[in-house]
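show me how the following folds:
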Amino acid sequence: MRLLIPVQMNVLLKFLTLTFFLVIFLFCSYGWSGASEISGPEVKVQDSQIRVTTSLSLNEKSLQELRNGVTKDLKFSIDLFRVWKMWPDEFVVGKFLIRTLKSDPVTMEYHGSSGDGNTLVQKKFKSFESMIQWALLINDVKLANVKDLEQGTYFVRVTVESKIRKLPPVIGYFMIFLPENEFKIEKDSPFFPAGTRK
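Predicted structure coming up:
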């Protein structure tokens, strides 16, 4: 009986050590995968509307996973902030889009969907490149009417998140060591004046 306890402890210690190194490897692999980048955001005021255009460039690791059939959900958040000198910047209004990308490397079929909480658009593509080009470009989003804004200085912040796909059950217990997102990046536009209300 005395021998069983050290043997069981030894097996448990080896299991925990192996699991620890596996978690560290997974954690580091996300850091080594290169950087995805946001282009823009470009902001313009047209017909009294603040319009935003932005795009995302995925790193090679994410592109290769998509080619291999891994489904990805990309959440684009486009938020308008008012700048204050003595206080934190004030969130004014925001919109989001979730782009889901699926590819089948065997049948060479490519599907994408785009949803904003109210509408869902589904598309089928002839090539991987056309799916990526469509999915990573957010073009001419109407964010706010300048007539509804108080006069001030504003900027637009674009945030893109990609959630980590499901992990094996054993590793799932150690999710406290792993980031919730595969990546999360953000970028701000230059400041611009807007608003007509005093």
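
other residues contacting stretch 81-93?
Outside stretch 81-93, the residues within contact range by CB atoms under 8 Å, 6 or more residues apart in numbering are 79-80, 143-144, 149-150, 152-157, 191. Heads up, the C-betas are built off the backbone N, CA and C, glycines and all.

first-to-last residue distance for it?
7 Å (CA to CA, to the nearest Å).

identify the bridge partners of residue 183.
When assigned by DSSP bridges, residue 183 has beta-bridge partners residue 162.

and it, how many neighbours does it have?
For residue 183, the neighbour count with other CB atoms under 10 Å is 20.

shouldn't it be in contact with residue 38?
No - using CB atoms under 8 Å as the test, residue 183 is too far from residue 38 to be in contact (11.0 Å).

shared neighbours of these two, anything?
residue 160.

tabulate the CA atom coordinates of stretch 189-196 in PDB.
C-alpha atoms of stretch 189-196 as PDB (Å, rounded to 0.1, in the frame of the first residue of the first chain):
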ATOM      1  CA  SER A 189      -8.600  56.200 -37.400                       C
ATOM      2  CA  PRO A 190      -7.200  59.700 -37.200                       C
ATOM      3  CA  PHE A 191      -9.300  62.200 -35.300                       C
ATOM      4  CA  PHE A 192     -11.900  64.200 -37.200                       C
ATOM      5  CA  PRO A 193     -14.400  66.900 -36.400                       C
ATOM      6  CA  ALA A 194     -18.100  66.100 -36.700                       C
ATOM      7  CA  GLY A 195     -21.500  67.000 -35.300                       C
ATOM      8  CA  THR A 196     -24.000  69.800 -35.800                       C
END
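
contacts for it, please.
Contacts of stretch 189-196 (CB under 8 Å, 6+ apart): 40-43, 45, 50, 52, 83, 146-147, 149-158.
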